[in-house]
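1. got a predicted structure here, sequence first:
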Amino acid sequence: MHTALVFSTVEPGDGQRWSTWPAITPSQRGPEPWPDWVVTSSGAIDTELGVVKTGKEADLHLIERFDPGLTPADPPVKRSILAAKRYRTLEHRDFHRSAEYQEGRRTRRSRDERAVAKGTAYGRSFAAGMWAFAEFEALSAMHSAGAPVPYPVQVDGTELLMEFIGAGTTAAPRLAQSRAELAELRSLLDQVIDAMHLFARAGYVHGDLSAYNLLVHEGRVVVIDLPQIVDAVANPNGIGMLHRDCVNIAEWFTRKRVEVDAEELFGELLAELY
Ligand SMILES: Nc1ncnc2c1ncn2[C@@H]1O[C@H](COP(=O)(O)OP(=O)(O)OP(=O)(O)O)[C@@H](O)[C@H]1O
Ligand SMILES: [Mg+2]
């Protein structure tokens, strides 16, 4: 008699791979408890669904992760749509911007630091991985602090997988493109300010807050694009970056006829820091 070894007959095909979840270390996985939609089975397959948006420093792809080995009789059957943010390792990435955020941050090995500084191929890919990990850690910290950010599922090299904000496979619009009316804009502003308070209370500044890095999904604001998040007090540019975030937000809403005073907001947030 053969021992009943049951293997899934499904193998990853074109545009597919085995789920990368089983191979990564615990520190590369999102904060526990994992949301119930996170697929953790080792037989799961990731399927590329396409590019959502190409950005300056990373491209956002959509993937579906599901376990074909599970049938409806073996609960839980899980299938989730994930946003895969893949950092670029190429020259045209914007490294000038990096210096401001990197101050006060040290990489563990000086060989890596030198490689990054010299812009060698190894250095570029190391830097891309560093940004992915920095964003993963920032999302983890902010998610744990209760801020409205996508749940960070995992990070693996230059790829960050996170909760996809949208309906089906359609991404939520950025605040900059939302057609919100005045009443909704007031609610959105309140939510942005609440989120800024949560960041400040946790000791962080987003550092690149604008109507382009805020998504609006079913009337709720979600803050995205966090790789450059800085320690508000320890980073010598922290307070200046907080001020800039306040000005960006206040100017955008004020242009939409929802008046907000940047200096007042800045003062309130500073009070959270000390
Ligand atoms: N979790 C998500 N769910 C849905 N859409 C997302 C998510 N994360 C990012 N996006 C979309 O992808 C775009 C790029 O993401 P992000 O801002 O994080 O990267 P970026 O490289 O800084 O891009 P950019 O140069 O446009 O700022 C966002 O503007 C948004 O439209
Ligand atoms: Mg962005």
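-> Yes, it's here. Ligands and ions are numbered 1, 2, ... in the order given.
2. C-terminal to the lowest-mean-pLDDT helix or strand in the chain, what's the next element?
-> Every helix and strand of the chain was ranked by mean pLDDT, DSSP states H and E. The lowest is helix 98-102, at a mean of 56. Next helix or strand after helix 98-102 toward the C-terminus (DSSP states H and E): helix 110-118.
3. that next one packs against which elements?
-> helix 121-144 (3 or more C-beta pairs under 8 Å, 6 or more residues apart in numbering; DSSP states H and E). Any C-beta I mention is one placed from the backbone N, CA and C, and that applies to glycine too.
4. tell me which residues of the helix it packs on come out buried.
-> 123-143 (16 or more other C-beta atoms under 10 Å).
5. give the helix, strand or coil label for the residue of the chain at minimum distance from ligand 2.
-> Nearest residue of the chain to ligand 2 (C-beta to the ion) works out as Asp225 at 3.7 Å. Using DSSP: H, G, I helix; E, B strand; the rest coil, the structure places Asp225 in coil.
6. wait, isn't Val38 in contact with Leu82?
-> No. The pair Val38 / Leu82 is not scored as a contact, 9.2 Å apart, by C-beta atoms under 8 Å.
7. these two: who's more crowded?
-> Leu82 (24 against 20; other C-beta atoms under 10 Å).
8. and the host helix or strand of that one, what's buried?
-> Counting by DSSP H and E, the element that carries Leu82 is strand 79-87. Buried residues in strand 79-87, defined by neighbour count with 16+ other C-beta under 10 Å: 80-87.
9. Arg201 and Asp46: what is the separation?
-> 36 Å (C-beta to C-beta, to the nearest Å).
10. contacting residues for the closest residue to Pro152 other than its chain neighbours?
-> Leaving aside its chain neighbours, Pro152 sits nearest to Leu139 (3.8 Å; criterion: C-beta to C-beta, 6 or more residues apart in numbering). If a contact means C-beta atoms under 8 Å, 6 or more residues apart in numbering, then Leu139 has 149-152, 160, 162, 226 as its contacts.
11. hmm, stretch 36-49 in reach of ligand 1?
-> No. Stretch 36-49 is not in contact with ligand 1 by C-beta under 6 Å from any ligand atom; minimum separation 12.3 Å.
12. now tell me what touches whatever helix or strand Leu242 lives in from outside.
-> For Leu242, the element it lies in under DSSP H and E is helix 238-255. With contacts defined as C-beta under 8 Å, 6+ apart, helix 238-255 is touched by 100, 175-176, 185, 189, 192-193, 196, 200, 205-211, 230-233, 235, 259-263, 265-266, 269-270.
13. who in the stretch 151-274 of the chain is up against ligand 1?
-> The stretch 151-274 of the chain has residues 162-166, 171-172, 174, 212-213, 224-225 near ligand 1, with proximity defined as C-beta under 6 Å from any ligand atom.
14. between those residues, which has the most around it?
-> Phe164 leads those on contacts (other C-beta under 10 Å) with 25 neighbours.
15. what residues are up against it?
-> Phe164 neighbours (C-beta under 8 Å, 6+ apart): 62, 81-83, 150, 171.
16. widest-spaced pair of the buried residues of strand 79-87?
-> Ser80 and Tyr87 (21.8 Å; C-beta to C-beta).
17. wasn't Glu184 part of a helix?
-> Yes. If the criterion is three-state DSSP, then Glu184 is within a helix.
18. tally up the residues packed near it, please.
-> 14.
19. that one contacts Glu218, correct?
-> No. Counting by C-beta under 8 Å, Glu184 does not reach Glu218; the two are 11.2 Å apart.
20. if we can go back for a sec, give me the buried positions along the helix holding Leu242.
-> For helix 238-255, by 16+ other C-beta under 10 Å, it's 238-239, 241-246, 248-250, 252-253.
21. ok, now stretch 195-203?
-> Here stretch 195-203 shows 195-200, 202-203 as buried, counting by 16+ other C-beta under 10 Å.
22. from those residues, which is closest to ligand 1?
-> Ala195 (15.0 Å; C-beta to the nearest ligand atom).
23. check the offset of the helix or strand hosting the closest one from the chain's centre.
-> Assigned by DSSP H and E, Ala195 belongs to helix 182-201. Its chain's C-alpha centre and that of helix 182-201 lie 19 Å apart, by C-alpha atoms, centre = their mean, to the nearest Å.
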